[in-house]
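Participant: Sequence and predicted structure, then a few things I'm wondering about:
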Amino acid sequence: MTLSYVHPSPDSPWGTYLTQIDRVIPHLGPLARWAETLKRPKRVLIVDVPIEMDDGRIAHHEGYRVQHSLTRGPGKGGVRYHPEVTLEEVMALAAWMSVKNAAVNLPFGGAKGGIRVDPQQLSRKELERLTRRYTSEIGIVIGPQQDILAPDVNTNPQVMAWMMDTYSMNTGATATGVVTGKPIHLGGSMGRIKATGRGVFVTGREAARRIGLDLQGARLAVQGFGNVGSAAAELFGQAGSLVIAVQDHSGSIFNGAGLDLSRLVPHVQASGGVAGFSSAEVIDAEAFWDVDCNVMIPAALENQITAARAQRLQARLVLEGANGPTGSAADDILAERGVLVVPDVICNAGGVTVSYFEWVQDFSSFFWTEEEINVKLDQILVGALGKIWDQADRHHISLRTAAFAVACERILTARQERGLYP
Ligand code: NAD
């Protein structure tokens, strides 16, 4: 039976996720009996988030927290502020968190949150009020052992600090572990800010090695130059690759000799986007997908690699920094064309892996060095990707289906062992 409260199209995030689950079911053996549980979020919370604006108006925003699965541990997943956030999108993002956490074998379920708002239109005080009210509204389902929040699109360490403070004030005790991605002096972890981008680099480096692609001189295109895209671009740059094209919400830029990242990063920090960057040619948004590159890194939003773009993509390797950037039809086209896709559930798992380290450090109040964090992150991701790669080779399936097979087997084994209550 399909859910009555969402009506996904095949290319919508939840529709894409359902197709991914359908594709893994034949590989689950007797556990397939439990597969329907993956097609239904455990818990969906929709909240009204009213705030008083600086000019005295009252503005209402729709907020969500979806707990897709709590079978393997507490919920874990970011909170997105975006004017086009929908319940269905948050459901898909929560489900991908369940799969991601299981693919990397972290002791978490999967959850995600969002507020339908354009944060660029809010003052700092309005943003703080919005964050505090949202955190209070979802306070009934979150907690260090229940469901742990983290940054996503348009949320950052300051937003995490307000969330942690609000939850702590409401419960009467400082609870650093309810949120990860916090500022360092509030119990944040070294290495967390760049962890997702670092994970894209680590999994990309491994994939490139396995397919014989030399990163030295490799040409990269990156969509999204925020937390994930910029950190990944910098690490590839340090490995000798050339970032030749970048697209973000403000525009698309190109330089065949390689963009100067040491100038582009501060430019984006200062102006909010790549638009206006000198020493680069402005290109059309659609032409971005045609650039002659070896590696494409989508690191913005869902469903960016459509079927039409998949036909034209020049890259040999796609590294999914974003969640759900490739639709199912596009996935098939890329596979037919021999383009290797390192799927989001492993490619961008570096963020949640260091979030896990942060959560553990908060409980023990003992903090690790950045080097320790980066070494452990590398080990976990290389090990997880290796297991997924073996599975893909053994069963002649894509890395995505293999990652889902590894993850869903873990989730459904836990489901079966726990049994149904009551
Ligand atoms: P961010 O807010 O820091 O950056 C988002 C980037 O996307 C910005 O450069 C923005 O300009 C760009 N963008 C937005 N709309 C766009 C559009 N229509 N076309 C082109 N570019 C557009 O967000 P982030 O944290 O870097 O997240 C990016 C992606 O990575 C999301 O899919 C997110 O779910 C995923 N992700 C993030 C983390 C994390 O730790 N932050 C972890 C795992 C996955």
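Facilitator: Sure, I can see it.

Participant: switch to C-alpha atoms for all contacts and neighbour counts from now on
Facilitator: Fine.

Participant: how about Lys42, what does it touch?
Facilitator: Going by CA atoms under 8 Å, 6 or more residues apart in numbering, Lys42 touches Val66, Gln67, His68, Ser69, Leu70.

Participant: Among the residues you listed, which ones are in strands?
Facilitator: Judged by DSSP state E, strands contain the following of those: Val66, Gln67, His68, Ser69.

Participant: Write out the residues of the stretch 301-422 of the chain neighbouring the ligand.
Facilitator: Leu301, Gly321, Ala322, Asn323, Asn348, Gly351 (CA under 6 Å from any ligand atom).

Participant: just the strands in the stretch 201-350 of the chain please.
Facilitator: Counting by DSSP state E, counting those that start in this stretch, residue ranges of the strands within the stretch 201-350 of the chain are 219-223, 242-248, 251-254, 281-283, 295-298, 317-319, 340-342.

Participant: List just the one of those that sits closest to Ala161.
Facilitator: strand 242-248 (26.5 Å; CA to CA).

Participant: Could you check the angle the closest one makes with strand 219-223?
Facilitator: 10 degrees (axes from the mean of the first three to the mean of the last three CA atoms, to 10 degrees).

Participant: residues of strand 242-248 that come out buried?
Facilitator: Across strand 242-248, burial judged by 16 or more other CA atoms under 10 Å covers Leu242, Val243, Ile244, Ala245, Val246, Gln247, Asp248.

Participant: out of those, which touch the ligand?
Facilitator: Checking the buried residues of strand 242-248 against the ligand (CA under 6 Å from any ligand atom), the matches are Gln247, Asp248.

Participant: Could you export the buried residues of strand 242-248 as CSV, including pLDDT and distance to Phe404?
Facilitator: Putting these into CSV (pLDDT from 0 to 100; distance: CA to CA, whole Å) gives the following:
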residue, pLDDT, distance to Phe404
Leu242, 98, 32
Val243, 98, 30
Ile244, 98, 32
Ala245, 98, 31
Val246, 98, 30
Gln247, 98, 29
Asp248, 98, 29
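
Participant: Is any residue of stretch 190-210 near the ligand?
Facilitator: Yes - shown here: stretch 190-210 in contact with the ligand (CA under 6 Å from any ligand atom) through Thr196.

Participant: How about stretch 57-76?
Facilitator: No - against the ligand, stretch 57-76 shows no contacts by CA under 6 Å from any ligand atom, the least distance being 11.4 Å.

Participant: first vs last residue of that stretch, how far apart are they?
Facilitator: One end of stretch 57-76 to the other measures 34 Å (CA to CA, to the nearest Å).

Participant: Equivalent analysis for stretch 31-49, please.
Facilitator: First-to-last distance for stretch 31-49 - CA to CA - comes to 40 Å.

Participant: which one of the contacts of Lys42 sits closest to Ala405?
Facilitator: Nearest to Ala405 among these, with distances taken as CA to CA, is Ser69, at 16.2 Å.

Participant: what about the closest one, neighbour count?
Facilitator: 27 (other CA atoms under 10 Å).

Participant: All further residue positions should be reported with the first residue as 177.
Facilitator: Yes, from this point I'll number from 177; that puts the last item at Ser245.

Participant: Would you mind confirming that it makes contact with Gly285?
Facilitator: Yes - contact criterion CA atoms under 8 Å: Ser245 and Gly285 qualify, at 5.0 Å.

Participant: what sits in contact with each of those two?
Facilitator: Residues touching both Ser245 and Gly285 (CA under 8 Å, 6+ apart) are Gly251, Ser274.

Participant: elements contacting the strand or helix carrying Gly239?
Facilitator: Using DSSP states H and E, Gly239 sits in strand 234-245. For strand 234-245, the packing partners by 3 or more CA pairs under 8 Å, 6 or more residues apart in numbering; DSSP states H and E come out as strand 219-228, strand 251-258, helix 263-279, strand 286-292.
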